[in-house]
Structures are given as C-alpha cells and as structure tokens.
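Trainee: Sequence plus predicted model, see below.
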Amino acid sequence: SKSILPSIGKVSIHMYAYMVVFSAVLNIANVIPQEVKLGAKRLADFFTKPLMCMCGIGIAFTDLGEFIKVLNFSTVFVCFMVVLGAIIGAGLVDMLFGFNFVESAMTAGLCMANRGGTGDLQVLGAGKRMNLMSYAQISSRIGGAIILLLASVVFAYFR
C-alpha cells in the first residue's frame, strides 16, 4: 500500500518505481530462483509478441482529458528537459564505451523516458531499429523507474 512506502520530503514516489528497484536488488542479490526468472521471461515474451496489440492498448488507455488538463508551459518544459537530458546523457556516456550515439540515445535515452512498451514501439519504429527491442525493454523498466523518481522530485518542487 502507498502508506507503507516512504516518500522523500514532499515527494511521493510511485509504487512502480519501488517495484522495479526492489526487483533489481533481489535479482542482483541472487535471491530470485532461476525457475522464477525463466517463468517471468516466458510470461514477458508471451505479452510482448503481439506488438501492435501493445500499441492499441497504449492508445486505448490514454486519458486525453487528463493529458490536456496538465498541459501547461512548466510541464512541457520539465518534460522536454528530462527527455533532452536522457538523450544527450545516454548518447554521450555510451559513446565513451564505443557504442553508437543514435542507438544509445534511442534505447538508453528515449526508451527510458517514454511510456514503456508502447513508447518503445514508437521510438524504435520511427528510427527503424526494432532489432533493439530487448535493450529498449530493459531501459524502459529500470531507466523508467529512475526517470519516474527524478521527475517526481522535479515536479514536486517546481509545480
């Protein structure tokens, strides 16, 4: 429940971010049995195969009324800066390790700051790089939680 999970100052952290962080820590600590990891992978594969279905679900569950209600200059500016920072940061850091700037900016940057699976489809489809879907999914889950935490802090203090 939300009341069990702590907040930082006046920033309420989304439960999804906690789930991703806890899952990553348990996986790194090797607490999760291999059978459970394989089962989770099979389940993820089952749900991510029909890519167009994911796109349709993303569109169907987008509440445009809520989107328009929060659309103002400061929200657009903060979102733009988060996305720009994710693109430039991911691209430049990955170049230090010999990766392609554009592919790194797309998978580690844009896929980290988008709407998850639906956003991954849109980013990779537009860039004609669907072969990077597995990297985009990792970025969406772990990086998305990081962006969610950062955006929560920024929006809490600059609203």
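Mentor: Yes, it's here.
Trainee: C-terminal to the lowest-mean-pLDDT helix or strand in the chain, what's the next element?
Mentor: One helix or strand of the chain scores below all others by mean pLDDT, DSSP states H and E: helix 51-60, with a mean of 62. Next helix or strand after helix 51-60 toward the C-terminus (DSSP states H and E): helix 64-69.
Trainee: which one is V21 nearest to, not counting chain neighbours?
Mentor: A145 (6.1 Å; Cβ to Cβ, 6 or more residues apart in numbering). Any C-beta I mention is one placed from the backbone N, CA and C, and that applies to glycine too.
Trainee: contacting residues for that neighbour?
Mentor: Y16, A17, M19, V20, V21 (Cβ atoms under 8 Å, 6 or more residues apart in numbering).
Trainee: what about burial for those, which qualify?
Mentor: Buried members of the contacts of A145, counted by 16 or more other Cβ atoms under 10 Å: A17, V20.
Trainee: export the contacts of A145 to CSV and tack on distance to E35 and secondary structure?
Mentor: Putting the contacts of A145 into CSV (distance: Cβ to Cβ, whole Å; DSSP: H, G, I helix; E, B strand; the rest coil) gives the following:
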residue, distance to E35, secondary structure
Y16, 25, helix
A17, 27, helix
M19, 20, helix
V20, 21, helix
V21, 23, helix
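Trainee: Surely A17 touches A151?
Mentor: No - the pair A17 / A151 is not scored as a contact, 10.0 Å apart, by Cβ atoms under 8 Å.
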